[in-house]
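> heads up, no residue letters with this:
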């Protein structure tokens, strides 16, 4: 396993369309995180999962956004009715958590979304 | 607005030392991190420091933490052109048990000139 993998790397979509991104974490990692990074800014936390359970969602995650991790392995992030303001880099990260101890989070290379 | 602040740009000559500064606001932060992001790439963890430490050295990298002033710095010795990137400071607030839920600054663009 070479790290966190995200697909696609780039996505251009028309405003109003739905898009879905995929993240494959490091295989033994049970925690998975989604972040959004807009141009010139640092990443902002969106949501995270422990196994298949979505434990926390940021206020940034509007009702047009939905994330899933059905089998506790890969995750998908769907954006419905995309808006130009959704244009950003979407980063996924994973870590291993057990008994109150966490490894560091490893990030994928991101999916760059452009809404035209 | 962000709780972690960084200067936006730093230019340094190859071979000199770079110092990137960061201030944070959450005094309960347990860990503070430095990440590097190269163009078109994800984030690479460079180093981190636990809040009860003042300094941490790792090869060319030195992290200094001043908890009283909530100030963090990253010094890169003998800066190379491959060090050109955006450097992010991030904090892990005490209020979360999740290592991955971090509060990032806006990043400092470091440009290394020959």
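Good, I have the coordinates. Since we're looking at a predicted model, the values are computed, not measured. Numbers count the residues shown, from 1 in each chain, chains lettered A, B, ... in the order given.

> list the contacts for residue A:19?
With contacts defined as Cβ atoms under 8 Å, 6 or more residues apart in numbering or on different chains, residue A:19 is in contact with A:11, A:13, A:78-79, A:82, A:113. C-beta: built from backbone N, CA, C; applies to glycine.

> Which helix or strand lies directly C-terminal to the helix or strand harbouring residue A:55?
Per DSSP states H and E, residue A:55 falls inside strand A:53-57. As assigned by DSSP H and E, the chain's next helix or strand after strand A:53-57 is strand A:65-68.

> how about the closest residue in space to residue B:6 that isn't next to it in sequence, phi and psi?
Distances taken as Cβ to Cβ, 6 or more residues apart in numbering or on different chains place residue B:105 nearest to residue B:6, at 4.1 Å, with adjacent residues excluded. Per-residue torsions, residue B:105: phi -80, psi 180 (degrees, to the nearest 10).

> Is residue B:105 in contact with residue B:90, as I believe?
Yes. Contact criterion Cβ atoms under 8 Å: residue B:105 and residue B:90 qualify, at 7.0 Å.

> Now stretch A:7-21: average pLDDT?
Averaged across stretch A:7-21, the pLDDT comes to 98.

> can you check stretch B:49-68 too?
Rounded mean pLDDT across stretch B:49-68 is 93.

> Quick one: end-to-end distance for it.
15 Å (Cα to Cα, to the nearest Å).

> sorry, back to before: just the buried ones among the contacts of residue A:19, please.
A:11, A:13, A:79, A:82, A:113 (16 or more other Cβ atoms under 10 Å in any protein chain shown).

> Can I get those in CSV including distance to chain B and secondary structure?
Below are the buried ones among the contacts of residue A:19 laid out as CSV (distance: Cβ to the nearest Cβ, whole Å; DSSP: H, G, I helix; E, B strand; the rest coil):
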residue, distance to chain B, secondary structure
A:11, 14, strand
A:13, 19, strand
A:79, 19, strand
A:82, 22, coil
A:113, 14, strand
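
> low-scoring stretches of chain B, by residue?
B:1-2, B:29, B:94-100 (pLDDT under 70).

> whoops, I mixed them up, chain A
Within chain A, the ranges that satisfy pLDDT under 70 run A:1.

> Tell me where it has strands.
Secondary structure of chain A (DSSP state E): strands at A:5-7, A:10-13, A:19-24, A:31-37, A:44-50, A:53-57, A:65-68, A:75-79, A:88-95, A:97-98, A:101-102, A:106-107, A:111-115.

> Distance to residue B:35 for the ones you listed - can I get that in JSON lines?
Output for those, formatted as JSON lines (distance: least, Cβ to Cβ, whole Å):
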{"stretch": "strand A:5-7", "distance to residue B:35": "17"}
{"stretch": "strand A:10-13", "distance to residue B:35": "22"}
{"stretch": "strand A:19-24", "distance to residue B:35": "18"}
{"stretch": "strand A:31-37", "distance to residue B:35": "11"}
{"stretch": "strand A:44-50", "distance to residue B:35": "14"}
{"stretch": "strand A:53-57", "distance to residue B:35": "21"}
{"stretch": "strand A:65-68", "distance to residue B:35": "22"}
{"stretch": "strand A:75-79", "distance to residue B:35": "21"}
{"stretch": "strand A:88-95", "distance to residue B:35": "10"}
{"stretch": "strand A:97-98", "distance to residue B:35": "20"}
{"stretch": "strand A:101-102", "distance to residue B:35": "16"}
{"stretch": "strand A:106-107", "distance to residue B:35": "8"}
{"stretch": "strand A:111-115", "distance to residue B:35": "18"}
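
> Noted, bye for now.
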